[in-house]
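1. I'd like to go over a predicted model; first the sequence, then the structure.
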Amino acid sequence: MTTATPVTPETSAHALTKKRRIAFASFVDENYLPGFLVLLRSLALSNPGVCEDFVVLHDDLKPSSVARIRALHPRIVLHRVDAGHYDSYVKGDQDNYLVRKAYFILDVFRLRDYDTVITLDTDMVVLGDLGELLALREGLAAVPQFFYGQHKLNSGLLVIQREYLSDAFCARLDEVGRSGGYELDKHDQGILNAVLDGDFVRLDTRYNFVKRRLSGDLPVPDGTAILHFTGRHKPWQGGEAGYQQAEERWREFELSDAEFHAAYLARGGTLHHDLLVHYGTPHVRRTGDVEAARKVAAAHIAAGEYQDAVDLLAGVRIPLDEAWPHEVFGHALMSVSRYPEAKTRLLLATAAPNRAATAYARLAQMAWVQGDNAEALRYATAGLTVDPTHRSSRLWAQRAAAVPAQEQGAAEDQLAHVAFYMDRQGNAGDKLLPETVRLAFGPDTTSRRWHSVHAHRLFDRAALERVNARRGLVIGGGGLFIPDTMPNGNSAWQWNVPDEHLRGIDVPVMVFAVGFNAFDGQSYRARRFNESLRLLVEKSAFFGLRNHGSIDRVRSLLPSELHDRVVFQPCPTTVMRRLVAGWSDPAYREDTVLLNAAYDRAGLRFGHDYGHFLAEMAKAVRAIGAHTEVRCVAHSLDDERIAFDLRREHGISLPVIPMYDFDNDAIRETYAKTKLVIGMRGHAGMIPFGVGTPIVSLISHPKMAYFLKDVERPEWGVSVHERNLSEVLTERALDILDHHDRTVADVHDRQELLWKATQENAARIRTILGR
């Protein structure tokens, strides 16, 4: 059992990444239910790419009403207000329920599960983009009242941040409410205005445009984002004379479920996965609409819900000449390893010129996965014939045409090695990783001692026989436990291994420095993954994960009797100074700071905060750049986006280091000779750390927080969602640069924790292998 560090990190993804949790909220009763249903439809149709929790505060809604609400939104959270709490609020007729309920929206300040809450009155209708409200991060924001000037807010729309969702602020509300020290303009509104006394963030009137401004049947101004039907006469109660044009805007969203579903599916732009599935699934079942089925299935695939996509498309009749749905169906089928059926669908898709290149690329990928390089090359070439610029076809052509290196060693002298072997212009961290894992077993990383098994190729009976002819099998490292990188239905993680063939391995199995790599908000196909994981742990003579966060996550999926088999094995990239033969620390470092940002699964990384992140990074780059030159280091092509965005949005130009084109020695050398790396990718932290270079991690994924807790230096990381990101990042970076020798020595000291664990595990593995 290894004893590198006693630290057990917090494994809640949100607690580690600090990604903002946002919710909408409304108080709803039976009288205002028709208005609320229109509000929900208008929110979805006006902001089709937005889906956050919607908290429904209520006193006593009927079950049938709750069902109608849930039918219109997939993330409804019911919150029953403590009505008695407001009996002590003294203004008005407390025996009048209509008076008492005016206080109930104040219960929103008692919510504790969110960082930002946006309240919407049930007599509102959303007409425009709410992106600006979702991006707000400070204060309590509202539109000033129409009749009373800038000092008082209109409480119909509030954007409330974490500091107001607190016991302290609720105590202030209670104090004013019970004392009666507020004006009776509107009960909750009066209390808020008395407490805030004008101290709120002013929003433009477009976000709470009150009906009274349209008296005389004026049209609703262009650009209005939220129209508020204040007053006694509501549109669902017959309306009010003099406001016909305004009420026509409200009635645009008075739709049946069928009309609403069809309207949402007809929206252009980005449609949110949760909404698209929630509305699209019943629409497809009701109508058999093939194009709608394709959209919903594509959303399932993008979220890693491959079986759901298969099930949906299997229930509709796709005409032979509908290429795009066949292509999506083929993609879903290959993702659950139903290869013959997938091939049929993809071949049908090749008939359409606009889908042929993508279909051929998927056929090439599938052939390669099944070990048929010749067929893979044939399909990839066909894709390039259709579209010579098609990147995916080109990549599969290169992979299929690559000539495997001639193995130099005898099978009995080799270890088989399952890993993700990266292409030449692939992710730099993944490129370096297989060689570094092998260095942990000895200095010879060549085929004299190693037999390569690509994790993404189907582990068939022939592969099983080749592995069983070796001394043992090493699996790792890297984040192999992730559901959506080269998905398959055999294991539901990156190694495409059927249970039958995993059981058939009769040499020692060593899982080495693998990570549980799910993002905040990402899930696995639980049953298949759990079954494969349990079998893998049972088969393994050594099962080492690269951080304690992954250990906790994996143990939670296993029966208790298997927990002790899961031990700590740091990623070997973190101890490279100890592994690379002849390594010497640099005598001189360039006066540079290298900056890395990652953009795969950007929605999961940034949520609504990318604009904030970019603006804060611009300020930090300017401040750090006044001290030391900042350069962008790109592990993959997509990583260059930060350089483009900083220049376009903030006028900052950074040199770009294309590390995706580097060989392993150049990757190590580049990181070893800089003074500091500010990195978002896991290996943009672990590799520089491993060669002795200080780091500050931009945390958008739990794995870097896991790593920093393992080395007992959480201060070397800052969340991309941090409100004061530029200030915190600049302070930490400049402190490292000003005390560089001390920090390098600390990096070396922290490495000793990881090196000790690696040495202990190496001794155990030598015993397993008998040498």
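-> Yep, that arrived. Numbering: from 1, shown residues only.
2. Can you tell me the closest non-neighbouring residue to Val38?
-> Phe253 (4.8 Å; Cβ to Cβ, 6 or more residues apart in numbering). Backbone N, C-alpha and C define where each C-beta goes, glycine included.
3. is it true that the one you found touches Met124?
-> No - when contacts are counted by Cβ atoms under 8 Å, Phe253 is not listed as touching Met124 (11.0 Å).
4. Which one of the two is surrounded by more residues?
-> Met124 (26 against 22; other Cβ atoms under 10 Å).
5. Distance check, the more buried one against Pro219.
-> 18 Å (Cβ to Cβ, to the nearest Å).
6. biggest helix in this protein by residues?
-> In terms of residue count, the longest helix belonging to the chain (DSSP state H) is helix 740-769.
7. on that earlier part again, secondary structure element for the residue nearest to Val38?
-> Assigned by DSSP states H and E, Phe253 belongs to no helix or strand.
8. Asp321: what secondary structure?
-> coil (DSSP: H, G, I helix; E, B strand; the rest coil).
9. Ignoring the adjacent residues along the chain, who's closest to it?
-> Ala351 (7.1 Å).
10. Got phi/psi on the one you found?
-> phi -70, psi -20 (degrees, to the nearest 10).
11. any idea how far the residue most central in space within the chain is from Phe644?
-> Taking Cα atoms, centre = their mean, the centroid of the chain lies closest to Leu604, which sits 1.7 Å from it. Going from Leu604 to Phe644 by Cβ to Cβ gives 21 Å.
12. One more: Ser700?
-> 18 Å.
13. And for Lys234?
-> Lys234 is 49 Å from Phe644, by Cβ to Cβ.
14. neighbour-wise, which of those two wins?
-> Between Lys234 and Phe644, counting by other Cβ under 10 Å, Lys234 is the more crowded of the two (20 against 12).
15. Tell me who's in contact with the more buried one.
-> For Lys234, the contact set (Cβ atoms under 8 Å, 6 or more residues apart in numbering) comprises Tyr32, Gly35, Asp123.
16. if we go to 10 Å?
-> Asn31, Tyr32, Pro34, Gly35, Thr122, Asp123, Lys211, Glu240, Glu247, Trp250 (Cβ atoms under 10 Å, 6 or more residues apart in numbering).
17. and it, how far is that from Phe329?
-> For Lys234 relative to Phe329 (Cβ to Cβ), the value is 46 Å.
18. Please apply the same query to Val554.
-> Val554 is 33 Å from Phe329, by Cβ to Cβ.
19. now the protein, which segments are flagged as low pLDDT?
-> 1-13, 90-102, 147-150, 183-187, 519-525 (pLDDT under 70).
20. hmm, try it at 50
-> 1-11, 94 (pLDDT under 50).
21. where do the contact lists of Phe253 and Met124 overlap?
-> The contact lists of Phe253 and Met124 share Val38, Leu39, Ser42, Leu43, where a contact means Cβ under 10 Å, 6+ apart.
22. Surely Ser26 is in contact with Val81?
-> No - in this structure, Ser26 is not within contact of Val81 by Cβ atoms under 10 Å, at 11.8 Å.
23. Quickly list what's touching both of these two.
-> Leu57, His58, Ile105, Val108.
24. Please pick the buried ones from these.
-> By neighbour count, with 16 or more other Cβ atoms under 10 Å, the shared contacts of Ser26 and Val81 hold Leu57, His58, Ile105, Val108 as buried.
25. Now tabulate the residues you listed in JSON lines and tack on secondary structure and distance to Phe441.
-> Shown next, in JSON lines, are those (DSSP: H, G, I helix; E, B strand; the rest coil; distance: Cβ to Cβ, whole Å):
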{"residue": "Leu57", "secondary structure": "strand", "distance to Phe441": "59"}
{"residue": "His58", "secondary structure": "strand", "distance to Phe441": "61"}
{"residue": "Ile105", "secondary structure": "helix", "distance to Phe441": "63"}
{"residue": "Val108", "secondary structure": "helix", "distance to Phe441": "57"}
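26. thinking Arg438 is in contact with Thr445, fair?
-> Yes - the pair formed by Arg438 and Thr445 meets the contact definition of Cβ under 10 Å, at 4.0 Å.
27. Which one's more surrounded, Val554 and Phe329?
-> Set Val554 next to Phe329 and count neighbours by other Cβ under 10 Å: Phe329 wins out with 28 against 22.
28. CA-only coordinates of the helix or strand harbouring that one in CSV, if you can.
-> Assigned by DSSP H and E, Phe329 belongs to helix 323-335. What follows is helix 323-335, C-alpha atoms only, in CSV (Å, rounded to 0.1, in the frame of the first residue of the first chain):
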residue,chain,number,x,y,z
ALA,A,323,-28.5,11.2,-45.8
TRP,A,324,-27.9,13.3,-42.7
PRO,A,325,-30.2,11.2,-40.4
HIS,A,326,-28.5,8.0,-41.7
GLU,A,327,-25.1,9.5,-40.9
VAL,A,328,-26.1,10.5,-37.4
PHE,A,329,-27.7,7.1,-36.8
GLY,A,330,-24.5,5.5,-38.1
HIS,A,331,-22.5,7.6,-35.7
ALA,A,332,-24.6,6.6,-32.8
LEU,A,333,-24.5,2.9,-33.7
MET,A,334,-20.7,2.9,-34.0
SER,A,335,-20.5,4.6,-30.6
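29. how about the helices of the stretch 101-250 of the chain, start to end?
-> For the stretch 101-250 of the chain, the helices defined by DSSP state H, counting those that start in this stretch cover 131-135, 167-179, 187-196, 244-251.
30. Which of those has the highest mean neighbour count?
-> Greatest average neighbour count among the helices of the stretch 101-250 of the chain goes to helix 187-196 (a mean of 22), per mean count of other Cβ atoms under 10 Å.
31. what's the offset of that helix from the middle of its chain?
-> Mean-position distance between helix 187-196 and its chain equals 38 Å (Cα atoms, centre = their mean, to the nearest Å).
32. Stretch 271-279 now?
-> With Cα atoms, centre = their mean, you get 16 Å for stretch 271-279.
33. what about His748, neighbour count?
-> 13.
34. can you check Gln408 too?
-> Applying other Cβ under 10 Å, we find 12 residues neighbouring Gln408.
35. Please identify the helix or strand for it.
-> Counting by DSSP H and E, Gln408 is part of no helix or strand.
36. hmm, back to that, give me the common contacts of Arg438 and Thr445.
-> His417.
37. So between the two, which is more surrounded?
-> Arg438 (23 against 17).
38. And the more buried one, how far from Trp450?
-> Arg438 sits 6 Å away from Trp450 when distances are taken as Cβ to Cβ.
39. any residues in contact with both of these two?
-> Here Arg438 and Trp450 share the contacting residues Leu415, His417, Ala419, Asp444, Val474, scored by Cβ under 10 Å, 6+ apart.
40. my read is the fourth one is in a strand, agree?
-> No - Asp444 sits outside any strand when classified using three-state DSSP, being coil.
41. number of nearby residues for it?
-> Around Asp444 there are 13 residues (other Cβ under 10 Å).
42. Having no further points to raise, I will conclude here.
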